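Novice: structure for this input, please:
(one chain, ligands or ions: 1)
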Amino acid sequence: MSTAIDRFDEGARARFAARGRTIVRDDELLRHPVYTRVLHWSVAIFFILALLSGFAIYSPWLFHSLTPLFGGGAMTRLLHPWFSLGFVVLFVLQVLNWLRPMTWTDADRRWVRRVREYVANTEPVEPEYVDFFNGGQKLYFWTIVASAVIFLISGIPMWFPKTFGRPLVDIGYVLHDVAALVMLVGFIVHIYEGTAAQPGTFRSMTRGTVEKRWAWTHHPAWYRRATGRNPRADYEEAVRRRSGRHESGTS
Ligand code: HEM
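Specialist: Numbering: from 1, shown residues only. Coordinates of the predicted model:
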């Protein structure tokens, strides 16, 4: 049954699809439509602006190098809460957009239990149950949701200290710093996973598409749903074809 969130999201996707274009070739699958890509990069821009302006006013060492980017110390202080609000509002839209694929399932519990194998990269393809997002991606997503809530709740007393009083502002500082640290670590891991760790992933957020072999390697259950084909069989067929080409090339 379609909910108000689904209808809002489908409307937004349709409006953005009419303005942007995603070309999907024969050996590719559509992964992120225009709306998702615009939201992701808008969230990223506001997040980075909030992070840089936040570090600038937090650390005396970074104050001199970072505040000129925003027009001086006073301007940086003024802009930081607005960058942060922009990040939170855009991320709320992303939450509505990704609510379904980010819902936690038994498959994610299984994924988390074998995270060591994932990190060690011992298997050539992910287990058959890994769907559109894996357990790690979902954990990152829900960590951002929790951190954004903490940023908002702790940031408002820091923004209006006279209204809220010293004790609340002090608690706010501690919560804000802890959330910022968690987000920074998550962000560094996220950039690594989205680029160097898994070649072929970054283009999903630029061109919107991924190669089919990327899909059967990293998200087999999604590949099966999107194509109606068996990911393991297609992977083995591709390996056979590659070794056949290799042998005929060397004979
Ligand atoms: C600026 C550097 C960034 C790069 C290179 C990057 C790259 C990517 C890529 C390639 C994906 C698609 C992954 C897939 O389809 O499997 C993605 C997804 C995602 N991005 Fe980013 N991103 C960046 C910044 C951010 C920021 C600042 C946030 C939020 C604070 C963010 C939040 C997410 C989330 C929640 C997802 C979905 C879950 C996941 O794939 O981990 N990204 N990103």
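
Novice: from here on, contacts and neighbour counts on C-alpha atoms
Specialist: Fine.

Novice: so where is the stretch 1-150 of the chain shaky, pLDDT-wise?
Specialist: 1 (pLDDT under 70).

Novice: roughly how far does the residue nearest to the spatial centre of the chain sit from P127?
Specialist: Against the mean C-alpha coordinate of the chain, by CA atoms, centre = their mean, the closest residue is F141 at 6.3 Å. To P127, F141 is 21 Å away according to CA to CA, to the nearest Å.

Novice: got the contact list for the residue nearest to the centre of the chain?
Specialist: M102 (CA atoms under 8 Å, 6 or more residues apart in numbering).

Novice: likewise for R7?
Specialist: R7 neighbours (CA under 8 Å, 6+ apart): none.

Novice: show me where the stretch 151-251 of the chain has its strands.
Specialist: Shown for the stretch 151-251 of the chain, the strands assigned by DSSP state E, counting those that start in this stretch span residues 209-211.

Novice: so which residues on it come close to the ligand?
Specialist: Residues of the stretch 151-251 of the chain found near the ligand, taking CA under 6 Å from any ligand atom as the criterion, are H190, I191, G194, T201, F202, S204, M205.

Novice: so who does the fourth one touch?
Specialist: The contact partners of T201, taken as CA under 8 Å, 6+ apart, are G194, T195, V210, W214.

Novice: kindly recompute the last result at 6 Å.
Specialist: Neighbouring residues of T201 by CA atoms under 6 Å, 6 or more residues apart in numbering: G194.

Novice: what does L69 give?
Specialist: Residues near L69 by CA under 6 Å, 6+ apart: none.

Novice: follow-up on the earlier one: and the residue nearest to the centre of the chain, what element?
Specialist: Using DSSP states H and E, F141 falls within helix 135-159.

Novice: chain center to that helix: distance?
Specialist: For helix 135-159, the separation from the chain centroid amounts to 13 Å (computed by CA atoms, centre = their mean, to the nearest Å).

Novice: can you give me the buried ones in that helix?
Specialist: The neighbour-count check on helix 135-159 (16 or more other CA atoms under 10 Å) flags 135-136, 138-145, 147-148, 150-152, 154-159 as buried.

Novice: next: stretch 102-121.
Specialist: Buried-residue list, stretch 102-121, by 16+ other CA under 10 Å: M102, W104, A107, D108, W111, V112, Y118.

Novice: in the stretch 101-250 of the chain, which spans are helices?
Specialist: 106-113, 115-120, 135-159, 161-164, 166-194, 212-218, 220-227, 231-250 (DSSP state H, counting those that start in this stretch).
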